[in-house]
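Engineer: Here's a sequence, model it:
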Amino acid sequence: MDPDTLGALHAHLHATGSDLALVDAVAAAIRHWIAASTGRSGVANVRSGLATSAEPQAEPAAASIVASIASANAKAHPAAPCTALGYQWKELFLPDGTDLRMHCKGETHHARVSGDALVYQGRNVSARQLTIAIAGDGRNAWRELSLRLPGEKQFHPASLLRRNAQVRLKADAAAAAPAAPESPAAAIAAAAASMSEALRTALVLVELNKAPAVPKHERRLGQSRRTIDVLSDQAILD
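Structural biologist: Purely as a prediction, here's the structure:
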């Protein structure tokens, strides 16, 4: 046994006020663990072993130690959540307690999801069997049935819920799928577009370099030049 475990066991005995020796506590804990693992068939052998122990408090101390270990294991490895009960109708999952409704010949018929089965008039049916039992063959269950999920107040068309479920499934699949590698043709097209953009930028720079290096205030020439920009003849006399 590693020193950390022995130290933890010693601290536990001290905290509980037990006078049990460390060796006896280890032996009692092992016997108790074996009994818990093997079931009732091993209880008699463990108790007989504990009866020969010099310490009468060995059994409760061992039980306390095993309970502490079990509690630590439960915290470190929590139990997996239970699978929700419900009826799987193709890509649409109907949780336990979902109500189904169908109108036919002026009457309203109801069915309900109970556990993992769809129940109508006391017997398990499929969605198609439900529509056949109500209206005969030739009805589309997705168009005819309305659903009210647990916790909701309104019924919704089954076709609408199915369409929403399909959208979610496609979105989840797209998010989980790895990005497709770029094809060689797409890579070449992207490189050509980048080179074309660089060429256009270079041509613009060349045209700018060809333009006359004239200050902005001297660029209004010819018809674009204002009258007040032209010096009068008297300016020569100044």
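
Engineer: so Val113 sits right up against Trp89, yeah?
Structural biologist: No. Using CB atoms under 8 Å, Val113 makes no contact with Trp89, being 9.3 Å away. Bear in mind the C-beta positions are built from the backbone N, C-alpha and C, glycine included.

Engineer: Can you pull the poorly scored residue ranges out of this protein?
Structural biologist: Under the criterion pLDDT under 70, the flagged ranges of the chain are 1-4, 6, 22, 36-83, 179-180, 209-238.

Engineer: Identify each of the helices in it and give its residue range.
Structural biologist: For the chain, helices defined by DSSP state H occupy the ranges 3-15, 22-38, 43-51, 58-76, 127-135, 141-144, 158-176, 184-210.

Engineer: how is this protein carved up into domains?
Structural biologist: 10-76, 86-175 (automatic domain parsing).

Engineer: Using JSON lines, lay out these together with distance to Ser194.
Structural biologist: Below are the domains of the chain laid out as JSON lines (distance: least, CB to CB, whole Å):
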{"stretch": "domain 10-76", "distance to Ser194": "54"}
{"stretch": "domain 86-175", "distance to Ser194": "28"}
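
Engineer: Ala186 is nearest to which of the ones you listed?
Structural biologist: domain 86-175 (18.8 Å; CB to CB).

Engineer: mind checking the end-to-end distance for the closest one?
Structural biologist: 26 Å (CA to CA, to the nearest Å).

Engineer: Who are the packing partners of the longest strand along the chain?
Structural biologist: When the chain is scanned for its longest strand (criterion: DSSP state E), the result is strand 107-114. Applying 3 or more CB pairs under 8 Å, 6 or more residues apart in numbering; DSSP states H and E, one finds that strand 107-114 contacts strand 99-104, strand 117-120.

Engineer: And for it, what's in contact with it?
Structural biologist: 86-87, 94-103, 118-120, 125, 130, 134 (CB atoms under 8 Å, 6 or more residues apart in numbering).

Engineer: Quick check: PyMOL command selecting the buried ones in those.
Structural biologist: Remark: buried members of these, expressed as a PyMOL selection using 16 or more other CB atoms under 10 Å:
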select buried, resi 86+87+94+98+99+100+102+118+119+120+125+130+134
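
Engineer: give the contact list for the closest residue in space to Arg128 that isn't next to it in sequence.
Structural biologist: Nearest residue to Arg128, sequence neighbours excluded (CB to CB, 6 or more residues apart in numbering): Ala141, at 5.3 Å. Shown in contact with Ala141 (CB under 8 Å, 6+ apart): Ala127, Arg128, Leu130, Thr131, Ala158.

Engineer: Now for the first one, how many residues are close by?
Structural biologist: The local packing count at Ala127 equals 21, with neighbours defined by other CB atoms under 10 Å.

Engineer: Next: the last one.
Structural biologist: Under the neighbour criterion other CB under 10 Å, Ala158 is assigned a count of 23.

Engineer: and what of the fourth one?
Structural biologist: Residues within reach of Thr131, counting by other CB under 10 Å, total 24.

Engineer: Quick check, it in contact with Gly138.
Structural biologist: No. The pair Thr131 and Gly138 does not pass the contact test of CB under 8 Å, sitting 9.0 Å apart.

Engineer: looking at the domains of the chain, which is closest to Ala202?
Structural biologist: Closest among the domains of the chain, using CB to CB: domain 86-175, at 39.9 Å.

Engineer: tell me how far the ends of stretch 87-94 are from each other?
Structural biologist: First-to-last distance for stretch 87-94 - CA to CA - comes to 5 Å.
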